[in-house]
Each structure stands twice: as C-alpha cells, then as structure tokens.
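J.: next comes the sequence, and after it the predicted model I'd like to discuss.
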Amino acid sequence: MITPPKPFTNPLSLSLLMGIPFVVLFVIARNLPVEPCEFLHEETYNEEGELDYCGADETGFVDLSIRKWPMKIDFRPIGSLEMNEECKFEFKIEKADGSPLTSQDVALSHTQKIHLLAVDKTLNDYHHIHPVADSLFDGVWHFSLTPKLAGKYSVFLDFIPQKSPRRVLISSSFEVVGKSQSPLKREECLVFSKENIDFKLIKIPAEPGQNQIQLRLLARDKKGHDITLHPVMGAFAHMVAFDKNVNGFAHLHPLNEDLGNVKKTTFQGPLTFGFSPPGEGVYRLWAQVRTDIEEEVFIPFDLAIGS
C-alpha cells in the first residue's frame, strides 16, 4: 500500500510561512532612511494624554539631495507669491502605498504634527511653520507665510509617522516674484542682539576621534544676567543648521534639559546643543526661543567648521 504524501499543513511549517511576511516587513523598515535617533525618540505624553515624541539625540545633518524617503509631495501655492505679502500654500503627501498622508497617520513631535522649515537661498529669511490638516479633505495640508525676499525658497518637512517612530524628511521649493539676491560669502559670527537681549553661541570642539561638537547658547540682558526663557514646542530652544547650498539641514534640541517635563515652565542659563557637521564650511544657524519680551525670537548665527 502506497502511503500518500502528507499535506503541507505541519503546524511548525505554517508558522514559519506565516512569519516570513513579518520578517520581510521588518527588514524593509530597518533599511528605510533614518536619522541618528532611529527608534530612540523619547516618548512623552502631553496634558491631553497624547504620545509626543522628542529628539534631543538628533545631532546629524541630513542632505536631502542624497537621501530620499519613499513618499512623494504635491506642493503648490494658492495665488501669486509676492514679497511682504501673506502667501498661502497647500500640499499632499503620498505614502509608499499610494494613499494620502492624513493627520491620523502622523504622530506628535514636539507638540506638532508636521514641522515645516522654509528658507531663501541667501539663508537670511527663515520660517518655522506647522501646517494644518484640511478639515474636509483627507490628505490635504495648509500653511501660510510672508516672505521677505524674492527668489527661490527651499522647504523641508519633518514629521514622524504613527506606525513607526522614525523621522521622515521631505523637501520641496517655491519661487517668490522679483529679483533675487545673490548669496554672500559668510564668515563666522556667533553673537546677535535683539530687543535689549544679547545672544551668544559658544563653540566647544569635538573630542578626539569624534565628529560632534557642542554649541552653548547664552541669552542675557545688557547687565549680563540670564534672561528667562519659556517653552517653545516642548523645549526651551530649537536650533536649525543649513549648509550654504541649502541641500539639507540639522534640527537640534537642547541636551541639558528634560524636553518632556511639562512641570518646568521657565529656564535660565546656558542651553547646550550637539551638532555633527557633515564637512567643512560656514553653516547658517537659526535659534528659536521665547522670552518675556517677545512671543518668539529667531536668532541667526554663522558657524565656521574647519579651516
């Protein structure tokens, strides 16, 4: 009597087969472009109980002319783009599966869904904006800004998907009507004064064999006293670094404070940032703080790396 072959229903074999798709998905996810924080975003909860990621460990510069994420953006202005006039925009982001990115798909990161950074090619006009999801059309986002200069503006979107606490970065651009200025050759300048406040950035060289330098931000009044800082998006300061070609950026946060401590309402004293520059050159840094004098202040610095 011939014994018929056993059907391929062995429980162990079925378990192995069922596990293959999950292994493949895991490998794909692990190989997506990811910043130094990887899965190390600190998880905190806001007063509404919503999960809010922060990234104090993010110190690296991301060159978006080289690194790409598997998402597409359809970015368009609404109306003409004129200097010193409010300009409105809308955009859609298409995920890898072709579906639109909705507000439900995006986790909170520093109290916001999407951080949009816009800067002109001279690096003199910088905006940090938080687009709002359309209340009627899923996948449509809106924002507005008032450009101070003519010419090309680079736009960078920074967000974290709900399904994976990995940072996603997408770039686009727009053109403001008028004759644009040519970028100037920059030299290091680490001091800036505004509204009777003196801001200073102290550069601390990297340790031997390391690439990360430290940047210490001081904010003092004319008598030399530390001014009081208030939280901006869950931190007492934010800092963004651009290269001269505006190929990408680094989005930095203070290292010496608990970014998720909602009980801490004010801060006085130096704030230290880590920054890992990709190479030599002069980087334009924009610090963002909130003081007693102004709701928010943007402070420019020029940081020279190398000879």
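T.: Received it, and whenever you're ready, just let me know what you need.

J.: show me what contacts Gly269?
T.: Asp226 (CB atoms under 8 Å, 6 or more residues apart in numbering). C-beta here means a position set from N, CA and C on the backbone, and glycine is covered the same way.

J.: could we number from 56 for the rest of this?
T.: Yes, from this point I'll number from 56; that puts the last item at Gly324.

J.: where does it land on pLDDT?
T.: According to the prediction, Gly324 has pLDDT 89.

J.: state the distance from it to Phe297.
T.: For Gly324, the distance to Phe297 (CB to CB, to the nearest Å) stands at 27 Å.

J.: the bottom helix or strand of this structure by mean pLDDT?
T.: Ranked by mean pLDDT, DSSP states H and E, the helix or strand of the chain with the weakest confidence is strand 97-100, at a mean of 43.

J.: buried ones in the helix or strand containing Arg345?
T.: Assigned by DSSP states H and E, Arg345 belongs to strand 336-346. Buried residues in strand 336-346, counting neighbours by 16 or more other CB atoms under 10 Å, are found at Val337, Tyr338, Arg339, Leu340, Trp341, Ala342, Gln343, Val344, Arg345, Thr346.

J.: okay, now the unreliable bits of the protein?
T.: Within the chain, the segments meeting pLDDT under 70 span 56-113, 220, 311-318, 362.

J.: mind listing the helices for it?
T.: For the chain, helices defined by DSSP state H occupy the ranges 66-85.

J.: follow-up on the earlier one: could you dump the buried residues of strand 336-346 into JSON lines with distance to Ala205 added?
T.: Below are those laid out as JSON lines (distance: CB to CB, whole Å):
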{"residue": "Val337", "distance to Ala205": "23"}
{"residue": "Tyr338", "distance to Ala205": "24"}
{"residue": "Arg339", "distance to Ala205": "19"}
{"residue": "Leu340", "distance to Ala205": "24"}
{"residue": "Trp341", "distance to Ala205": "20"}
{"residue": "Ala342", "distance to Ala205": "25"}
{"residue": "Gln343", "distance to Ala205": "24"}
{"residue": "Val344", "distance to Ala205": "28"}
{"residue": "Arg345", "distance to Ala205": "30"}
{"residue": "Thr346", "distance to Ala205": "31"}
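
J.: partner residues bridging Asp281?
T.: Taking DSSP bridges as the rule, Asp281 bridges to Arg275.

J.: burial of it, as a residue count?
T.: Using other CB atoms under 10 Å, Asp281 is surrounded by 13 other residues.

J.: repeat that for Val161.
T.: If you count neighbours by other CB under 10 Å, Val161 ends up with 19.

J.: what's the neighbour count on the residue nearest to it when sequence neighbours are not counted?
T.: Distances taken as CB to CB, 6 or more residues apart in numbering put Lys168 closest to Val161, at 4.5 Å, once the chain neighbours are dropped. By the other CB under 10 Å criterion, the neighbourhood of Lys168 contains 19 residues.

J.: show residues contacting stretch 277-287.
T.: 251-253, 273-276, 291-293, 319-326, 343-347, 351.

J.: just the buried residues of the residues you listed.
T.: The neighbour-count test (16+ other CB under 10 Å) marks Ile252, Leu273, Ala274, Phe291, Ala292, His293, Phe322, Leu326, Gln343, Val344, Arg345, Thr346 as buried among the contacts of stretch 277-287.

J.: verify the stated contact: the fifth one with Leu272.
T.: Yes - using CB atoms under 8 Å, Ala292 makes contact with Leu272 at a distance of 6.1 Å.

J.: what's the overlap in contacts for the two?
T.: Shared contacts of Ala292 and Leu272 (CB under 8 Å, 6+ apart): Pro309, Leu326, Phe328, Ala342.

J.: which residues touch Leu245?
T.: Contacts for Leu245 (CB under 8 Å, 6+ apart) come out as Lys255, Leu256, Ile257, Lys258, Phe356, Asp357, Leu358.

J.: what about 6 Å?
T.: Counting by CB atoms under 6 Å, 6 or more residues apart in numbering, Leu245 makes contact with Leu256, Phe356.

J.: run a quick neighbour tally on Lys123.
T.: Taking other CB under 10 Å as the criterion, the count of residues near Lys123 is 11.

J.: to clarify, my last question referred to Asp357.
T.: For Asp357, the count of nearby residues is 16 (other CB under 10 Å).

J.: please apply the same query to Pro332.
T.: With other CB under 10 Å as criterion, Pro332 counts 20.

J.: torsion angles phi and psi at it?
T.: Here is the backbone geometry of Pro332 (degrees, to the nearest 10): phi -70, psi 150.

J.: no further queries at this time; thank you.
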